[in-house]
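S.K.: got a predicted structure plus its sequence, pasted below:
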Amino acid sequence: MKSKNLSENILRSLKSSGFDYIDLDTVIPTNLILERSGESFRSLIFSFMDQNGKEICLRPDLTIASCIKYLNEKRKGSSKVFYNGQAFRKAKKKTDKIIRDQIGFEIIGSEDEKKDDKQIINTSIKVLNKFRYRSGSITIGNVEIFHLLINKLDIPKRWKLRLRRHFWRESYFNELLRRLETNSDVDETIVEFDKKRYLKMCKQNENRIIAGRSLREILTRFDNKIKDPRKQIKGQNVVKIIREFLKIRCPMSKASTTLNSFFKRNKINLTVGQNYFPITKDKVSKLNINFSSSFGRHLEYYTGMVFKIIINSNSRKIQVDGGRYDNLISDLGSSKRIPAVGGAISLND
C-alpha cells in the first residue's frame, strides 16, 4: 500500500473513532523547547530568528506542537484530536532521518486516565487492523511504577530526584547507578570539611548573597546533606533492587503478580493491581502483548503508561508509539496540571 493511501486510511479511521482533526504550527517558539528540554537539546533543533528578533524553530515533535496549540487556544475540558505532518530534528547518526512523517492522536484534559489509556491503545489496534498482517507485538510499560519504586527506596531525597529525572537518559542513568553503588561521589574527608564550613557559616549573616544565592539557601542545602547521609552498603542494596526491577519482562496477564512478587521479595511496601494496566490479555488481534518495566525511556516527558505496537504489513514495518504525559502542558507554561495521553504512527520506511 502506497504511503498516500496508507495515510488516508489511518486518518479516516481516526475520524470514525471520534477524534477531531487539527492543523499544527510548523514553527514554534524555541524557548518553550529549551525551557523544558534544556540547552543541550539546541543541537538537535533547526532554529532561526524571525523578523522581530524572536528565536523560533521547526517543530521537533508533533506532540509538543499539539500541546502548545492546546495551551495557546486556552481550551477547557477534554479534547480528542488527531493530526498529521512532519517533525524536524537533526540526526545524531548518519543513518537517522532528519524529517519524520507522523500521524498523531491524543486525548487531552480528561480526568478518566485509565479509560483514556485503554482507548488510545484500542484506537491504535483499530487503525492497524486496516492492514493485512500475520503477527505483531505490543510492549507496555509504566514510568509511574518506576517512580513509585524509587520513592520507597532507602536513599537520600536528592538521589531519588536524580534517578527519577534521568530515567530516560539510559547511559547517564547507568552512570548514576554506578556512583550510587560505589559511593564514588561521596568523600568522607570532604563531608567532614563541609560540616566544619557549615558550622562556621551558621555564625554569619544569613541574608548575605554568595554566587547569586543567599547564605540561608546554602545553609539549608548543607543541612539537608548532613542530615541525609548515604552509606555504601545501602547504595549497593538499592542499586541491586533497581537493576532487578528493570529486568522484569513477562506476559501481560502476569504483570501485577510478577511485580508484586518482586516488591514482596525486596520488602517494598507497594502493590499493583492488574486493573492498573490498560490491557490484561496476552494476545489481542494477532498481537502478542508483554509488559516491560524498563520500557518508556526513549522520551523524557512520559509520566505513566507507555506502549509500542509493531506489525509487518506487505514487507513494511508499521509502528505506533505512545503513552501518558501529564506534566508536558504544565512544563510548556500551563498554570495547572492537564492530563494527556496519545499515540503516533510513523510513516517513514
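M.R.: All right, it came through fine.
S.K.: C-alpha from now on. contacts and neighbour counts both.
M.R.: OK.
S.K.: show me the shaky parts of the stretch 151-300 of the chain.
M.R.: Scanning the stretch 151-300 of the chain for pLDDT under 70 picks out 184-195, 198, 211-212, 222-233.
S.K.: which parts of it are strands?
M.R.: Secondary structure of the stretch 151-300 of the chain (DSSP state E, counting those that start in this stretch): strands at 209-210, 213-214, 249-251, 283-284, 287-292.
S.K.: for these, which one sits closest to C67?
M.R.: Taking Cα to Cα, strand 287-292 is the member of the strands of the stretch 151-300 of the chain nearest to C67, at 27.3 Å.
S.K.: what does that closest one rub up against?
M.R.: With Cα atoms under 8 Å, 6 or more residues apart in numbering as the test, strand 287-292 has contacts from 135-141, 246-252, 255, 281-283.
S.K.: ok, it: who's next to it in the sheet?
M.R.: The pairing partners recorded for strand 287-292 under DSSP bridges are strand 136-142 (parallel), strand 249-251 (antiparallel), strand 283-284 (antiparallel).
S.K.: secondary structure class for F82?
M.R.: When the structure is split into helix, strand and coil by DSSP: H, G, I helix; E, B strand; the rest coil, F82 lands in strand.
S.K.: so it touches I103, yeah?
M.R.: Yes - using Cα atoms under 8 Å, F82 is in contact with I103, at 7.3 Å.
S.K.: which stretches in the stretch 51-200 of the chain count as helices?
M.R.: Chain-ordered helices for the stretch 51-200 of the chain, with DSSP state H, counting those that start in this stretch as the definition, fall at 62-72, 113-128, 143-152, 157-165, 170-182, 188-201.
S.K.: can I see the domain layout of the protein?
M.R.: If the domains of the chain are taken from automatic domain parsing, they occupy 1-129+314-323+339-349, 153-241, with pieces of a single domain joined by a plus sign.
S.K.: what's the mean pLDDT across the longest one?
M.R.: Here the mean pLDDT over domain 1-129+314-323+339-349 is 88, rounded to a whole number.
S.K.: just the buried residues of the contacts of strand 287-292.
M.R.: Among those, those classed as buried by 16 or more other Cα atoms under 10 Å are 136-141, 249-252, 255, 282-283.
S.K.: of the residues you listed, closest to E35?
M.R.: Ranking the buried ones among the contacts of strand 287-292 by separation from E35, with Cα to Cα as the measure, puts G141 on top at 26.9 Å.
S.K.: tell me the spacing between that closest one and E300.
M.R.: To E300, G141 is 14 Å away according to Cα to Cα, to the nearest Å.
S.K.: which ones are touching P251?
M.R.: Per Cα under 8 Å, 6+ apart, neighbours of P251: D282, I289, N290, F291.
S.K.: same thing but 10 Å
M.R.: Contacts of P251 were listed using Cα atoms under 10 Å, 6 or more residues apart in numbering, and they are T139, I140, T258, T280, K281, D282, K283, N288, I289, N290, F291, S292.
S.K.: I'd say the third one and K247 touch.
M.R.: Think T258. No - under the criterion of Cα atoms under 10 Å, T258 lies out of contact with K247, with a separation of 11.5 Å.
S.K.: quick one on the thing from earlier: return the most buried member of the strands of the stretch 151-300 of the chain.
M.R.: Scoring the strands of the stretch 151-300 of the chain by mean neighbour count under mean count of other Cα atoms under 10 Å gives strand 287-292 as the most buried, with a mean of 22.
S.K.: strand partners (parallel or antiparallel) of the next helix or strand after that one?
M.R.: Downstream of strand 287-292, the next assigned helix or strand under DSSP states H and E is strand 305-313. When pairing is defined by DSSP bridges, strand 305-313 lines up against strand 136-142 (antiparallel), strand 316-324 (antiparallel).
S.K.: ok, back up a step: okay, the buried ones among the contacts of strand 287-292 in a markdown table with distance to S124 next?
M.R.: Listed next are the buried ones among the contacts of strand 287-292 as a markdown table, based on distance: Cα to Cα, whole Å:
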| residue | distance to S124 |
| --- | --- |
| G136 | 13 |
| S137 | 12 |
| I138 | 10 |
| T139 | 13 |
| I140 | 13 |
| G141 | 16 |
| R249 | 22 |
| C250 | 22 |
| P251 | 20 |
| M252 | 17 |
| A255 | 21 |
| D282 | 17 |
| K283 | 15 |
